[in-house]
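**Q** compute the structure for the input listed below.
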Amino acid sequence: MSVVEPDRNVTIRSRADGDVLVRVTLALVAIGVGVWLVLAFRGHRGEGVGMQTAWHRGAGNLVEITLVREDEARLACASGVTPAGLACVFDGDRRRRAPTPADAERLRPYATVGGDLLLGAGLWSSSSLPRALPAERFTVVCDFEIIELVRSVALRWAADGSFDPATKSLPAGRLRGCVIPP
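**A** This is a model prediction of the structure:
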């Protein structure tokens, strides 16, 4: 009988060690799945849409842009590139184009709520945008149809400001259906 008891103790210890190992493994798997779910759905919390989506020619994206109503007169760009008839008010030599492109064809630099930059035309003439805009900073959500990536462009953020070259290629295209979200 004394021989059976040590074996039973060993068996009990092995079973207890196995139970602990299974519990630790299950806990680690549960933690891993939880972290994966948090990271996978992190971008879907309504923080804005932007560069998480595919930015290439022909792609359409919903973008949330941050503005003040004075931006219509402030924002400008300079580039010799005219994708599909869209153009900056200033050419590549930073001379004003004649005639000045209408808003539907005039590229302007915009920043999304996520801090991404784009060149868009048509925001201010969008029929769904109310004429009485908020006095303070606001956002608009637009459908952005990307026509081309523009490599050589300079951006101006104030009417009397200087042009600063963009540090990377920017998507350029048409902004449609712009609305101020509730």
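**Q** all strands of the chain, in order?
**A** For the chain, the strands defined by DSSP state E occupy 60-67, 76-78, 108-111, 117-121, 138-150, 154-156, 164-165, 170-179.
**Q** may I ask which helix or strand of this structure has the lowest mean pLDDT?
**A** Across the helices and strands of the chain, mean confidence by mean pLDDT, DSSP states H and E is lowest for helix 4-40: a mean of 64.
**Q** just the strands of the chain: most buried one?
**A** Mean neighbour count (mean count of other CB atoms under 10 Å) peaks for strand 117-121 among the strands of the chain, with a mean of 25. For glycine as for every other residue, the C-beta is placed from the backbone atoms N, C-alpha and C.
**Q** what helices or strands is it leaning on?
**A** Counting contacts by 3 or more CB pairs under 8 Å, 6 or more residues apart in numbering; DSSP states H and E, strand 117-121 packs against strand 108-111, strand 138-150, strand 170-179.
**Q** contacting residues for Asp91?
**A** By CB atoms under 8 Å, 6 or more residues apart in numbering, Asp91 lies in contact with 78-80, 97.
**Q** ok, 7 Å please
**A** The contact partners of Asp91, taken as CB atoms under 7 Å, 6 or more residues apart in numbering, are 78, 80, 97.
**Q** how about a markdown table for these, with distance to Glu72 and pLDDT added?
**A** Putting the contacts of Asp91 into a markdown table (distance: CB to CB, whole Å; pLDDT from 0 to 100) gives the following:
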| residue | distance to Glu72 | pLDDT |
| --- | --- | --- |
| Ala78 | 18 | 96 |
| Gly80 | 24 | 94 |
| Arg97 | 17 | 93 |
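**Q** nearest to Ile31, out of the residues you listed: which one, please.
**A** Ala78 (51.8 Å; CB to CB).
**Q** hang on, isn't that closest one packed against Phe90?
**A** Yes. Between Ala78 and Phe90 there is a contact at 3.7 Å, judged by CB atoms under 7 Å.
**Q** and Gly92, how many residues sit next to it?
**A** Residues lying near Gly92 (other CB atoms under 10 Å) number 13.
**Q** before we move on, what about Ser125?
**A** Residues near Ser125, counting by other CB under 10 Å, number 15.
**Q** residue contacts, the nearest residue to it once chain neighbours are set aside?
**A** Spatial nearest neighbour of Ser125, chain neighbours left out: Asp103 (4.1 Å); criterion: CB to CB, 6 or more residues apart in numbering. Applying CB under 7 Å, 6+ apart to Asp103 gives the contacts 122, 124-125.
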